[in-house]
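# generate coordinates for the sequence data below:
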Amino acid sequence: MAKVIMIQGTTSNAGKSLTVAALCRIFKQDGYKAAPFKSQNMALNSFITKDGLEMGRAQAMQAEAAGIAPDIRMNPILLKPTGDTGSQIVLNGKVFKDMSASRYHNYKKEMIPHILKAYNSLADEYDIIVIEGAGSPAEINLKDMDIVNMGMAELVDAPVVIVGDIDRGGVFASLAGTMLLLDEEEKARVKGFVINKFRGDVNLLLPGLRMLEEITKVDVLGVVPYMNVDIDDEDSLSERLSNNAADTVDIAVIRLPRISNFTDFNVFSMIEGVSLRYVSNIRDFGNPDMVIIPGTKNTIDDLKWLRQTGIEVKVRRHADEGKAVFGICGGYQMLGETISDPCYVEGGGEIEGLKLLKINTVFSKDKTTTQYSGVINELSGFYEKLSGISVEGYEIHMGQSHIIEGSPMTAGSKTEGCVSGNVAGSYVHGFFDNSEGVNAVIETLAERKGISLGELTNFDIKKYKEDQYDILADCVRKSLDMDKIYEIAGLKNCAKGGRYE
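Alright, predicted model coming up:
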């Protein structure tokens with residue numbers, strides 16, 4: 001069986017996901033076969049594996065950092081919120097059922113056999129499993145049914161490292177308070193703290209670290225500086241969703257209330273000379289060169305929101321001016337003539353779309369979850385430079401769209417998407433995760449704006465991602481006591497690391 005180490009946090013967005021990714025990368029660099037694991041994830045950002053199963057995007061990212069293929073066993077339970085009090089339960093990669101929060105809370109123990117089966121199967125194949133917790137282990141109202149924090153640690157006898165975010169303030173109180181609310185057996189599992197997202201002179205922090213160690217009897221394993229690494233974020237707390245100032249090529253993504261898989265567009269923010277903005281009101285719409293409507297967990301409600309806020313008028317006017325509009329998944333559905341819901345997937349009925357593409361969409365109870373590969377058809381007009389470029393990604397959607405007029409975007413195992421002049425759409429998440437494709441889009445936008453980005457558009461996304469994982473691992477390796485990390489994990493340290501002093 002594999003060795004194990006678990007990363008928990010004082011809060012959501014404390015840095016658990018990136019810490020797990022960093023450790024997976026470090027263990028890989030040091031010659032070990034490492035795999036990430038999260039028993040239960042709650043997120044609208046998901047990924048489809050090669051066998052058509054749905055898992056959390058964060059675990060797919062962590063697998064990428066570890067140099068392995070994403071595997072549904074890394075995230076056996078995915079909760080996709082359908083509102084404020086309920087979620088769609090994805091179990092072992094397939095839709096299980098919708099449940100209210102209270103009903104699911106009482107059902108959690110039924111999930112333990114699925115969790116252990118997935119974990120033990122992974123543990124048979126890898127040297128070390130790096131487990132990620134969720135939220136905080138000190139949610140005392142939920143502890144009796146916990147299957148993702150200390151409950152998970154107990155199931156597999158995992159030692160725990162707790163990460164605290166100093167950038168938001170109160171990190172000492174958060175770490176000490178977390179320990180205060182753990183019972184004695186849980187406290188015994190905690191083998192170290194990590195202070196994350198630190199800015200400033202670490203020497204000014206040392207007295208506080210020593211006091212924290214004295215109060216809690218837990219060692220601080222290191223202080224990780226605030227990093228400007230460009231790696232996929234897990235959820236809507238991501239700083240990517242801020243409204244950035246326009247730069248040279250200005251791309252505006254509509255920030256839908258139930259936006260999903262916003263990582264589809266991260267590639268644009270990686271390119272110098274390109275501004276990627278997330279827009280949630282007409283005041284911030286501005287005069288973008290391209291508008292993207294992203295995926296959503298609820299297409300019909302978010303289409304109504306688009307209409308109520310006045311953003312629909314802005315998007316239609318933008319398209320009428322001959323500027324680029326692109327929709328992904330739910331955003332693609334919104335661009336059409338009508339969306340029909342005869343099976344009451346999203347409440348039933350029919351609604352008019354933006355009428356920028358001649359397509360009709362009909363929802364069904366069957367969820368499409370599949371990887372996709374194809375080649376973009378010969379196009380004319382705005383998207384001409386995309387002609388012949390390969391596309392790889394995955395589909396996650398309820399319903400199918402049928403073209404009335406216009407050209408399919410891609411051809412492969414099936415024709416997919418639709419394009420008409422300067423407006424296009426596709427169901428494929430990851431459509432832009434292709435160096436040729438993203439370069440072609442940016443070049444076209446720059447040319448139409450009358451500017452030249454020169455060699456800046458010669459962008460290799462795969463190399464860029466690999467470099468970012470190495471930067472992350474290098475920073476974390478230098479910041480943490482890696483000898484202690486290896487000792488906690490029960491492995492031999494094959495490469496010496498540093499510590500905060």
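# what is the burial count for the closest residue to C24 other than its chain neighbours?
Distances taken as Cβ to Cβ, 6 or more residues apart in numbering place A66 nearest to C24, at 3.8 Å, with adjacent residues excluded. Placement of C-beta: from N, CA and C, glycine included. A66 has 27 neighbours, counted by other Cβ atoms under 10 Å.
# domain assignment for this structure?
3-231+467-489, 249-452 (automatic domain parsing).
# of all these, which lies closest to I461?
Among the domains of the chain, the nearest to I461 by Cβ to Cβ is domain 249-452 (5.1 Å).
# show me where the stretch 151-300 of the chain has its strands.
160-165, 190-198, 220-225, 249-254, 259-260, 274-279, 290-293, 295-296 (DSSP state E, counting those that start in this stretch).
# dump these into a markdown table; add mean neighbour count as well.
A markdown table is the format used below for these (neighbours: other Cβ atoms under 10 Å):
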| stretch | mean neighbour count |
| --- | --- |
| strand 160-165 | 26 |
| strand 190-198 | 23 |
| strand 220-225 | 23 |
| strand 249-254 | 24 |
| strand 259-260 | 24 |
| strand 274-279 | 22 |
| strand 290-293 | 25 |
| strand 295-296 | 26 |
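# ok, back up a step: quick one: which of the domains of the chain is nearest D460?
Ranking the domains of the chain by their distance to D460 (criterion: Cβ to Cβ) puts domain 249-452 first, at 5.1 Å.
# okay, how far is it across the closest one, tip to tip?
10 Å (Cα to Cα, to the nearest Å).
# do stretch 299-316 as well
18 Å.
# same question, stretch 250-258
OK, stretch 250-258 end separation, Cα to Cα: 23 Å.
# give me the residues contacting it.
The contact list for stretch 250-258 (Cβ atoms under 8 Å, 6 or more residues apart in numbering) reads 44, 241, 262, 265, 268, 274-280, 285-294, 296-298, 301-302, 305-306, 311, 315, 330-331, 445.
# cutoff 6 Å now
265, 268, 275-280, 288-294, 296-298, 302, 305 (Cβ atoms under 6 Å, 6 or more residues apart in numbering).
# ok, the closest residue to N266 other than its chain neighbours - how many residues close by?
What sits nearest to N266 in space, not counting adjacent residues and going by Cβ to Cβ, 6+ apart, is D232, at 6.1 Å. The burial count assigned to D232 is 23, neighbours taken as other Cβ under 10 Å.
# just the CA trace of stretch 179-189, in PDB.
Written as PDB, here are the backbone C-alpha positions of stretch 179-189 (Å, rounded to 0.1, in the frame of the first residue of the first chain):
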ATOM      1  CA  MET A 179      -6.500  22.900  17.100                       C
ATOM      2  CA  LEU A 180      -8.800  24.000  20.000                       C
ATOM      3  CA  LEU A 181     -11.800  22.500  18.200                       C
ATOM      4  CA  LEU A 182     -10.300  19.200  17.400                       C
ATOM      5  CA  ASP A 183     -10.600  16.200  19.800                       C
ATOM      6  CA  GLU A 184      -7.500  14.600  21.200                       C
ATOM      7  CA  GLU A 185      -7.300  11.800  18.600                       C
ATOM      8  CA  GLU A 186      -7.600  14.400  15.800                       C
ATOM      9  CA  LYS A 187      -4.900  16.600  17.400                       C
ATOM     10  CA  ALA A 188      -2.600  13.700  17.500                       C
ATOM     11  CA  ARG A 189      -2.900  13.400  13.700                       C
END
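# might you calculate how far that stretch sits from the centre of the chain?
Put simply, stretch 179-189 sits 30 Å off its chain's centre (Cα atoms, centre = their mean, to the nearest Å).
# which parts of it are buried?
M179, L182, E186, K187, R189 (16 or more other Cβ atoms under 10 Å).
# closest one to V476 among the strands of the stretch 151-300 of the chain?
Going by Cβ to Cβ, the one of those nearest V476 is strand 220-225, 5.9 Å.
# can you name the residues in contact with the closest one?
192-196, 198, 202, 209, 213, 476, 479-481, 484, 499-500.
# do stretch 295-307 as well
By Cβ under 6 Å, 6+ apart, stretch 295-307 touches 44, 256-258, 260-261, 312, 328-330, 333-334, 346, 351.
# next one: stretch 462-477
By Cβ under 6 Å, 6+ apart, stretch 462-477 touches A22, R25, I26, A65, V224, M227, V229, D230, I231, M270, G497.
# and it, how far out from the chain middle?
Relative to its parent chain, stretch 462-477 has a centroid offset of 17 Å by Cα atoms, centre = their mean.
# which parts of it are buried?
For stretch 462-477, burial by neighbour count (16+ other Cβ under 10 Å) applies to K465, Q468, Y469, I471, L472, A473, V476, R477.
# kindly reformat the strands of the stretch 151-300 of the chain as JSON lines containing distance to G151 and mean pLDDT.
JSON lines is the format used below for these (distance: least, Cβ to Cβ, whole Å; pLDDT from 0 to 100):
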{"stretch": "strand 160-165", "distance to G151": "12", "mean pLDDT": "97"}
{"stretch": "strand 190-198", "distance to G151": "15", "mean pLDDT": "97"}
{"stretch": "strand 220-225", "distance to G151": "23", "mean pLDDT": "96"}
{"stretch": "strand 249-254", "distance to G151": "37", "mean pLDDT": "94"}
{"stretch": "strand 259-260", "distance to G151": "28", "mean pLDDT": "90"}
{"stretch": "strand 274-279", "distance to G151": "35", "mean pLDDT": "91"}
{"stretch": "strand 290-293", "distance to G151": "39", "mean pLDDT": "97"}
{"stretch": "strand 295-296", "distance to G151": "32", "mean pLDDT": "94"}
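# quick one on the thing from earlier: and of the domains of the chain, who's closest to F459?
So among the domains of the chain, domain 249-452 is nearest, using Cβ to Cβ, at 5.5 Å.
# on that earlier part again, closest to L356 out of the strands of the stretch 151-300 of the chain?
Smallest distance to L356 across the strands of the stretch 151-300 of the chain (Cβ to Cβ): 9.7 Å, for strand 290-293.
# related to what we said a few turns ago, verify the stated contact: the residue nearest to C24 with A22.
No - because the distance of 10.5 Å does not satisfy Cβ atoms under 6 Å, A66 is recorded as not touching A22.
# ok so, going back, any of the contacts of stretch 462-477 buried? List them.
Buried, going by 16+ other Cβ under 10 Å: A22, R25, I26, A65, V224, M227, V229, D230, I231, G497, out of the contacts of stretch 462-477.
# and Q308, how far is that from D301?
According to Cβ to Cβ, to the nearest Å, Q308 stands 10 Å off from D301.
# of these two, which one has the most company?
Ranked by neighbour count (other Cβ under 10 Å), Q308 and D301 place D301 first, with 17 against 9.
# what angle do whatever helix or strand the more buried one lives in and strand 249-254 make?
Per DSSP states H and E: D301 is located in helix 299-308. Orientation check (axes from the mean of the first three to the mean of the last three Cα atoms, to 10 degrees): helix 299-308 against strand 249-254 gives 120 degrees.
# what comes up buried for helix 299-308?
In helix 299-308, the ones that count as buried by 16+ other Cβ under 10 Å are T299, I300, D301, D302, L303, W305, L306.
# returning to what we had before: quick one: which of the buried ones among the contacts of stretch 462-477 sit in helices?
Judged by DSSP state H, the buried ones among the contacts of stretch 462-477 include A22, R25, I26, A65 as members of helices.
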